[in-house]
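# No sequence on hand, only this structure:
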C-alpha cells in the first residue's frame, strides 16, 4: 500500500531561519511526488513537482530514492510562507490518483 | 477563467438528511476527484473519475455516491448524512496524462452534520 508520512503536524520557525518540511513515502516503484500548499482562506495549490526540479517561492525539494524522502526546504523563511503544506504521491497511473500526507502547518514568526 | 467551482461553500445537515455537493470545471480536464480533509488525516480520496463515463472508489467511499454527469461536472452525494461525515470536501481536476501538471482544486465545501 502506498503511504505518505509527514511526521510534523506543526512547525514553527522565525523569519529568516531555514525551514525543512519532512516527507517520507512508501512505494517500491517509480513515484511522482508533489508539494501542495494551502494559504489561509485560499484553495490548495501546487507548489512543486519533483520531475521539474524547480524552485518556487524559494522552496526546493529533492527526491531521495534511497531514503524514500522528498523534503521541502527553504533557506530563509518569510512570514508569508505560513501555511499548510501537503506532500503527495502519485503511483504513476495515467489519471493521476494522488495520495496525500497528513499535512504540516508551518508558522513563521516575525 | 473560473477553474474548479464547488457549491455550496457551507452546509449544515441533520443526521439522516441527504445532499449533493456540486463540482464543475471549465478547463476541459478529463479526470476529476473528490477528497475530504480532516485534521490530522490530511486529504483522503473518496471517489474519482478518470474520464467521462467512469467512476471508481477511492480510500473512503462508504456513505457516498458520485455522478460524472458530463466532462465538466462531477457531483458527490451523501444519501444519509452522519456526524462522521463532518469535514471539508474538495473537488479537483487534472489534465489527461496524469497529474504531472498538478491538480486544480476547488475552494472547498465545509459540511457539518449535527
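That came through fine. This structure is a prediction, so every number in the text was calculated from the model and none was measured. Residues are numbered from 1 along each chain as shown, chains lettered A, B, ... in the order given.
# residues from chain A in reach of chain B?
Contact residues, chain A versus chain B (C-beta under 8 Å from any C-beta of the partner chain): A:4, A:6, A:9, A:32, A:34, A:36, A:43-46, A:49, A:51, A:86, A:90, A:92-103. In this view, the C-beta of every residue, glycine as well, is placed from N, C-alpha and C.
# who's in contact with the most centrally placed residue in chain B?
In chain B, the residue lying closest to the centroid (C-alpha atoms, centre = their mean) is residue B:34, at 2.8 Å. Applying C-beta atoms under 8 Å, 6 or more residues apart in numbering or on different chains, we find residue B:34 in contact with B:21, B:23, B:45-48, B:58, B:64, B:66, B:74, B:76, B:89-91.
# Spell out which helix or strand contains it, please.
strand B:31-38 (DSSP states H and E).
# next helix or strand past that strand?
Strand B:31-38 is succeeded, C-terminally, by strand B:42-49 (DSSP H and E).
# Which PyMOL command selects the buried ones in the residues of chain A next to chain B?
Here is the PyMOL selection string for the buried members of those, based on 16 or more other C-beta atoms under 10 Å in any protein chain shown:
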select buried, chain A and resi 4+6+32+34+36+43+44+46+49+86+90+95+96+97+98+99+100+101+102+103
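# quick one on the thing from earlier: filter the contacts of residue B:34 down to the ones close to chain A.
Among these, chain A is touched by B:45, B:48, B:58, B:90 when using C-beta under 8 Å from any C-beta.
# which one of the residues you listed is nearest residue A:80?
Each of these was scored against residue A:80 by C-beta to C-beta, and residue B:90 proved nearest at 22.7 Å.
# May I have the secondary structure class of the closest one?
Under the three-state scheme (DSSP: H, G, I helix; E, B strand; the rest coil), residue B:90 adopts strand.
# Can you convert the contacts of residue B:34 into JSON lines and add a column each for pLDDT?
Below are these laid out as JSON lines (pLDDT from 0 to 100):
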{"residue": "B:21", "pLDDT": "98"}
{"residue": "B:23", "pLDDT": "97"}
{"residue": "B:45", "pLDDT": "92"}
{"residue": "B:46", "pLDDT": "95"}
{"residue": "B:47", "pLDDT": "95"}
{"residue": "B:48", "pLDDT": "92"}
{"residue": "B:58", "pLDDT": "90"}
{"residue": "B:64", "pLDDT": "97"}
{"residue": "B:66", "pLDDT": "97"}
{"residue": "B:74", "pLDDT": "97"}
{"residue": "B:76", "pLDDT": "98"}
{"residue": "B:89", "pLDDT": "97"}
{"residue": "B:90", "pLDDT": "96"}
{"residue": "B:91", "pLDDT": "97"}
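# can I get those residues in CSV with distance to residue A:76 and neighbour count?
As requested, the contacts of residue B:34 are arranged in CSV below (distance: C-beta to C-beta, whole Å; neighbours: other C-beta atoms under 10 Å in any protein chain shown):
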residue, distance to residue A:76, neighbour count
B:21, 40, 23
B:23, 38, 25
B:45, 35, 20
B:46, 38, 24
B:47, 41, 22
B:48, 38, 26
B:58, 38, 18
B:64, 43, 19
B:66, 44, 24
B:74, 41, 28
B:76, 41, 21
B:89, 36, 23
B:90, 31, 25
B:91, 35, 28
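# and the nearest residue to residue B:3 once chain neighbours are set aside, what does it touch?
Counting by C-beta to C-beta, 6 or more residues apart in numbering or on different chains, residue B:104 is the residue found nearest to residue B:3 once chain neighbours are left out, at 5.3 Å. By C-beta under 8 Å, 6+ apart, the residues touching residue B:104 are B:3, B:4, B:25, B:27, B:29, B:92, B:93, B:94.
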